[in-house]
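Q: Structure for the following, please:
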Amino acid sequence: MIDIKNLNLSFGEKVIFKNLNLRITDSARLGIVGPNGAGKTTLLRVLMNETEHDGGSIERSKNLSLGYLPQDLIELEPVPLMQYLKDKAGIAAIEKKLRDVEEKLSATQENHDELLNEHSRLERRFENSGGFAFESMAMKILHGLGFKRNDEIKNCRDFSGGWKMRIAMAALLLSSPDVLLLDEPTNHLDTESMEWLEGWLRTHLGAVVTVSHDQRFLENTVNSIAELEHGIINFYPFGYDEYVEVKAQNQELLEKAYARQQTEIHKIESFITRFRYKATKAAQVQSRVKQLEKIERIELAAGSKTVKIKIPEAPPSGWEVLKVSELAKVYGDLRVFENVSFIINRGERVALVGVNGAGKSTLLRLLSMNEAPTAGNIKLGHNVKFAYYSQESAMNINYSNTVWEEARSVSSKLNDVERRNLLGAFLFSGDEIYKSAAILSGGEKARLALYKLMLEETNFLILDEPTNHLDHDTREIVERALMKYQGTLLIVSHDRHFLDALAERVLEIRDGVLYDYPGNYSWFLDKREENLNAASESSNSKLRPEIRERKNKIENSNKQEIKEIKKLISQCEKKISDSEAQLNEIDSALCDPATLSDSTKIKNLMIERGNLDKEIQDLYSQWEILGEKLESLN
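A: Next up, the predicted model:
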């Protein structure tokens, strides 16, 4: 479908791609990973022809459609949300032409047959484009991405930046391109929307190529990994969890081989140095010199050595670190939450979760004394020394300083070498540390603010999305440091792997109410589903007996039908898999020189291939219809 061959790209002296090769098949589920600055976003932009490459080629299947979700915030036209989606899908243009033809039909009797034919043609085109079901499908996607009832009539310009990205994603999913190119698609999603998106991508019939730092998202959506580093790509034909294991094993083997080689090099160099000026050893010295020149040096990637950090801790606080009583916050007519009460004790690791707009960041601002509550009390315990990292922590930087001056402005036991190593782990290296803080990007400012916070002496950390703008290696450094931290933690994060590793208790804000779950994040997900199901059953039990009985009959009938449809889908998928295997065998045979010399055999294989290809298309159509029916029943 897309074949990248010997791709080269440089920006000035910096090489981005060096003879890069990658093939993206029509059913790919590919995750692109690599350190910040490796060129992941650039690769997507090259595929979209938004960035020109210097050499090599990119071959695409004929009439291939690509859809791209950029990482950066975008501006949308100031039109109602549903209108924007229709415009992007091309539905609005067809609708307008239909209305124009209808107006002409009602206004004149001239060219009546011609106008009727045009109207029929436009109706067929409208139907083939999914026009009649478009609004229903659009509402389904909007709901999955967290939009509320009546949001579809709101003007696009009235949404915040994160919600505008969701609108762009909805438009992209509705367009259903052959290849979805997604750049950090979970950056602006809450947990529920992430889970919905994962389910949607699993049923997408085309290819999915995603750049993401979200480990759980990659585990749930891709079945192959392309690691981009130092201008080249290493392809791993399996999922993200296995990729992590294999990469760790390869790195361990590489480091052992590097250590052995260094020992050998040191021995040879010592021999040369010792006997360089002894005439009796001249031949042996020359032999060792040639041996040294022939050694193909093993190189370890920069930063491959593990950087460790221990967050300095203040003396322990009292047992009760934070007590919140009947807390409420109201902005005008908007009631964010009320009657929120909870206690956090010393050493607890607490995750605060909820959908976007539930009030998580608002609650953290209140707890960190950066904003006053409308009602209720917040009490910090004895000897509590807290630090607060917010998504706006970039404001806590002195813009008149350089990065290095900011790094040295925090009192710490780390010496300058250790501070520079840690800055490198936070993606500030070389001359970048002498850049003015005032010209840093939003992500760079956030990383610098988090770096400074990690050096502060505290016993209570309040963290709002601390892993945003961090690559995989830096996240691991932060995660390891927080795991060893003996103080108290309260964390808001959309990184589910990060929460699973750290949290031992979960507080959920839902519909203005706080729910307390005394377990880790995975346990919370299971327990919440149980509670929601129990609430639904409780609601059912309050129905009149005859209504309840009728409702149960319908549900039982649905369950049986769902079971049968799932069975049919499974059978259909098996047939598709078998037929595609046969198709691959025929394609391999058609490439065989023995076949190419037999015209009769080629003709028979081509007929068989055509029949098989049609059969596969029919199977895919059946699979799609069954999938839609299953979704409808669910």
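Q: Verify the contact between Met454 and Ile309 for me.
A: Yes - look at Met454 against Ile309 with CB atoms under 8 Å: they come within range, at 6.1 Å. In this view, the C-beta of every residue, glycine as well, is placed from N, C-alpha and C.
Q: Who has more neighbours out of the two?
A: For Met454 versus Ile309, the count of surrounding residues by other CB atoms under 10 Å is larger for Met454: 25 against 20.
Q: Where does pLDDT dip in the stretch 201-350 of the chain?
A: 301-308 (pLDDT under 70).
Q: Could you pull out the helices in the stretch 101-250 of the chain for me?
A: Secondary structure of the stretch 101-250 of the chain by DSSP state H, counting those that start in this stretch: the helices cover 112-128, 134-144, 161-175, 191-203, 215-221, 240-275.
Q: Return every residue with contacts to both of Met454 and Ile309.
A: 422, 481 (CB atoms under 8 Å, 6 or more residues apart in numbering).
Q: quick revisit: which one of the helices of the stretch 101-250 of the chain lies nearest to Leu322?
A: helix 191-203 (23.4 Å; CB to CB).
Q: returning to what we had before: make a markdown table out of the helices of the stretch 101-250 of the chain and add mean neighbour count and distance to Glu406.
A: Below are the helices of the stretch 101-250 of the chain laid out as a markdown table (neighbours: other CB atoms under 10 Å; distance: least, CB to CB, whole Å):
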| stretch | mean neighbour count | distance to Glu406 |
| --- | --- | --- |
| helix 112-128 | 13 | 58 |
| helix 134-144 | 17 | 41 |
| helix 161-175 | 20 | 26 |
| helix 191-203 | 17 | 33 |
| helix 215-221 | 23 | 29 |
| helix 240-275 | 13 | 32 |
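Q: Let's have those in TSV, adding distance to Pro78.
A: As requested, the helices of the stretch 101-250 of the chain are exported to TSV (distance: least, CB to CB, whole Å):
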stretch	distance to Pro78
helix 112-128	26
helix 134-144	18
helix 161-175	12
helix 191-203	24
helix 215-221	32
helix 240-275	39
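Q: Glu348 is nearest to which of the ones you listed?
A: helix 191-203 (20.7 Å).
Q: Who are the packing partners of that closest one?
A: Helix 191-203 sits against helix 134-144, helix 161-175, helix 215-221, with contacts defined as 3 or more CB pairs under 8 Å, 6 or more residues apart in numbering; DSSP states H and E.
Q: outside of stretch 275-287, which residues touch it?
A: In contact with stretch 275-287 (CB under 8 Å, 6+ apart) are residues 271-272.
Q: Give me the buried positions along it.
A: 281, 285 (16 or more other CB atoms under 10 Å).
Q: centre of the chain versus stretch 367-383, how much separation?
A: Stretch 367-383 sits 34 Å away from the centroid of its parent chain (CA atoms, centre = their mean, to the nearest Å).
Q: Ignore what I typed, I meant stretch 71-90.
A: On CA atoms, centre = their mean, the centre of stretch 71-90 falls 22 Å from that of its chain.
Q: So that it lines up with my notes, have the first residue be 669 from now on.
A: Shifting the count to begin at 669 puts that one at stretch 739-758.
Q: So which residues make contact with that stretch?
A: Contacts to stretch 739-758, defined as CB under 8 Å, 6+ apart, come from residues 709, 760-761, 763, 797-798, 802-803, 806, 810, 815, 819-825, 827, 829-830, 832-833, 835-836, 838-839, 842-843, 851-852, 855, 879.
Q: Name the SS class of Arg1148, please.
A: Judged by DSSP: H, G, I helix; E, B strand; the rest coil, the three-state class of Arg1148 is helix.
Q: Could you report the pLDDT at it?
A: pLDDT recorded at Arg1148 is 86.
Q: before we move on, what about the one 5 residues further on?
A: Looking at Tyr1153, its pLDDT stands at 90.
Q: Roughly how far does it sit from Ala1055?
A: Plainly put, Tyr1153 is 11 Å away from Ala1055 if you go by CB to CB, to the nearest Å.
Q: who touches both of these two?
A: Leu1129.
Q: which sections of the stretch 1169-1302 of the chain are below the confidence cut-off?
A: 1203-1226, 1255, 1258-1261, 1263-1267, 1270-1271, 1288-1289, 1292-1293, 1295-1297, 1299-1302.
Q: run the last query once more with 50
A: Scanning the stretch 1169-1302 of the chain for pLDDT under 50 picks out nothing.
Q: Can you show me the helices along it?
A: 1189-1209, 1213-1258, 1261-1264, 1267-1301.
Q: try the stretch 1019-1168 of the chain
A: Using DSSP H, counting those that start in this stretch, the helices of the stretch 1019-1168 of the chain run over 1028-1035, 1071-1076, 1084-1093, 1110-1122, 1140-1152, 1164-1170.
Q: just checking, what packs against the fourth one?
A: Helix 1110-1122 is packed against strand 1054-1057, helix 1071-1076, helix 1084-1093, helix 1140-1152, with contacts defined by 3+ CB pairs under 8 Å, 6+ apart.
Q: I'd like these laid out as CSV, including distance to Glu923 and mean neighbour count.
A: Output for these, formatted as CSV (distance: least, CB to CB, whole Å; neighbours: other CB atoms under 10 Å):
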stretch, distance to Glu923, mean neighbour count
strand 1054-1057, 33, 22
helix 1071-1076, 28, 20
helix 1084-1093, 18, 17
helix 1140-1152, 15, 17
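Q: Please convert those to TSV, extending it with distance to Arg928.
A: TSV is the format used below for the helices and strands packed on helix 1110-1122 (distance: least, CB to CB, whole Å):
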stretch	distance to Arg928
strand 1054-1057	43
helix 1071-1076	36
helix 1084-1093	25
helix 1140-1152	25
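Q: of all these, which lies closest to Asn1279?
A: helix 1140-1152 (46.6 Å).
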